[in-house]
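Peer 1: what would the 3D arrangement of this be:
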Amino acid sequence: MEHHISVLFYARKSKKTSKGLYPIYIRLTINGQRLDQSIQRYVDSGLWSAASGRVKGNTEQARQVNSYLDTLTSKVLKLEREMVLDGIPVNFESFREKWLGITEAPRMLMEIFQQHNDQMEALIRAGKDFSPGTLDRYNTCRDHVRAFIRWKYRMEDIDIKRLDFEFATDLEFWFKTQRNCSHNTTLKYISNLKKIVNACIRKGWLTKDPFAGFKMTKVEIDREALTETELDKIRAKVFPIDRLNIVRDIFLFSCYTGLAYADVKKLRRTEIAPGVDGNFWIFTNRQKTDTSSRIPLLPPAQVIVEKYKDFPGCYDSGHVLPVLSNQKMNAYLKEIADCCGISKNLTFHIARHTFATTITLSNGVPIESVSKMLGHRNLKTTQHYAKVLDRKISDDMSQLKIKLGGNKAC
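Peer 2: Modelled structure (predicted):
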């Protein structure tokens, strides 16, 4: 945006002192608006040149005053240049505040982050927009960023205007070294912080994006899932300890429904009802994204539902399964993997991957249907989960070979 600033010095005769001296004023004209201010210097009326805006003569006093006027002119040009470089619009109000040294209270990053989380928590209490899991992630990110600020700056908080590209790159380094986070986990945390920073930019609190040029590309992860053989081993195994049998059943239920741990834990019997085909379906909302999932209940999953319908705790609470804490579930799943001779790092989330690949996609279920059952908002998310297995590729190519074999040239 174009702007114009002019500088004029004048002796103000209406403010004549008792000693007959005139105060010297500076007049700044910014886009046609004037700002007049005394510079706390005085001159004899006969020694002031209105044409040049300077003190006449070559006396020591004249040289000192004129040098000071030159310094003020240079200050005007310097402030103008700083505003242009910082991307601050140069208008009367903005330059006046800059010239007079009027500064607003600094906006601190952790205060803004906490305000964001407080608002999110209020919306959750009102049953709107976010899930408790989302708030947990932002609270964890807030704590990490605070620890980083202590590590790098030896401070509890930092003015958002100090955020720059170095802040972004050092934060990435800190996550990977001090917190030993993977590349993708690091980017998830930085993405959470970036949401806070983007809000500051939209509100006009920041003129530059400190993450501009920062690469946010995640590394493609080969998501593990159980094969049919491994699934059969777990299904057929009878454990001498009841808790392992219970955890096995809950894990298998997730393998045949695609429900994440939090969704299995909260699943109630009222959320299982006849669907459009007359068979039983699961009708629930994902806790993570609050999107709906509609999942036909496969026979192995239905058997598990019936097995636990009168189980102590489930019958009284109305929950479908007696789900333990996620930490205990994963600990017991490692025992199950050892007992079944499975070398994979068995966690509850592998059940969701298994549903997407071994149970559905590899058996010809279209990815659009899988995406809907998983409760994904877009197909791209499903594609990350659903790696087509080698066996499915082999089956497809075998069918192609048969077709090509029946069309040999004569």
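Peer 1: just say helix, strand or coil for the residue sitting furthest away from the middle of the chain.
Peer 2: Distance from the C-alpha centroid of the chain peaks at Gly46, with 67.5 Å (CA atoms, centre = their mean). At Gly46, secondary structure determined by DSSP: H, G, I helix; E, B strand; the rest coil is helix.
Peer 1: measure it to His376 for me?
Peer 2: 85 Å (CB to CB, to the nearest Å). The way it works is simple: take the backbone N, C-alpha and C, and place the C-beta from them, glycine included.
Peer 1: same question for Tyr261.
Peer 2: Taken as CB to CB, the span from Tyr261 to His376 is 17 Å.
Peer 1: and Leu193, by the same measure?
Peer 2: From Leu193 across to His376, the span is 25 Å (CB to CB).
Peer 1: same check on Thr59?
Peer 2: When CB to CB is the yardstick, Thr59 and His376 sit 83 Å from each other.
Peer 1: so those two - more neighbours on which side?
Peer 2: For Thr59 versus His376, neighbours defined as other CB atoms under 10 Å are more numerous around His376 (21 against 11).
Peer 1: nearest spatial neighbour of the more buried one, chain-adjacent residues omitted?
Peer 2: Spatially, and ignoring its direct neighbours in sequence, His376 is nearest to Thr382 (5.0 Å; CB to CB, 6 or more residues apart in numbering).
Peer 1: quick check: the one you found is in a strand.
Peer 2: No - per three-state DSSP, Thr382 lies outside any strand segment and is helix.
Peer 1: I'd assumed Val370 was in contact with it.
Peer 2: Yes - counting by CB atoms under 8 Å, Val370 is a contact partner of Thr382 at 5.9 Å.
Peer 1: please name the nearest non-neighbouring residue to Leu135.
Peer 2: Residue nearest to Leu135 in three dimensions, not counting chain neighbours: Met120, with 5.3 Å by CB to CB, 6+ apart.
Peer 1: touching the helix or strand harbouring that neighbour from outside, list them.
Peer 2: For Met120, the host element (DSSP states H and E) is helix 109-125. Residues external to helix 109-125 that are found in contact with it (CB atoms under 8 Å, 6 or more residues apart in numbering): 129-132, 134-135, 138-139, 142, 145-146, 149, 156-160, 163, 193, 195-196, 199-200.
Peer 1: how far is it from where the chain is centred?
Peer 2: Relative to the chain's own centre, helix 109-125 is displaced by 14 Å; criterion: CA atoms, centre = their mean, to the nearest Å.
Peer 1: list the buried ones in it?
Peer 2: Residues 109-110, 112-113, 116-117, 120, 124 are the ones in helix 109-125 that count as buried (16 or more other CB atoms under 10 Å).
Peer 1: repeat for stretch 304-324
Peer 2: Those would be 304-305, 308, 314, 319-324, for stretch 304-324 by 16+ other CB under 10 Å.
Peer 1: pLDDT (mean, whole number) over that stretch?
Peer 2: Taken as a whole, stretch 304-324 has an average pLDDT of 88.
Peer 1: endpoints of that stretch, how far apart?
Peer 2: In stretch 304-324, first residue to last residue: 16 Å (CA to CA, to the nearest Å).
Peer 1: centre of the chain to that stretch, how far?
Peer 2: How far stretch 304-324 lies from its chain's middle: 37 Å, per CA atoms, centre = their mean.
Peer 1: which other helices and strands does the helix or strand where Ser74 lies contact?
Peer 2: For Ser74, the enclosing helix or strand under DSSP H and E is helix 60-85. Helix 60-85 sits against strand 5-11, strand 21-30, strand 33-44, strand 54-55, helix 92-100, with contacts defined as 3 or more CB pairs under 8 Å, 6 or more residues apart in numbering; DSSP states H and E.
Peer 1: and the fourth one, what other elements does it pack with?
Peer 2: Secondary-structure packing of strand 54-55 (3+ CB pairs under 8 Å, 6+ apart): helix 60-85.
Peer 1: quick one: buried residues of the helix it packs on?
Peer 2: Buried residues in helix 60-85, counting neighbours by 16+ other CB under 10 Å, are found at 65-66, 68-69, 72, 76, 80, 83.
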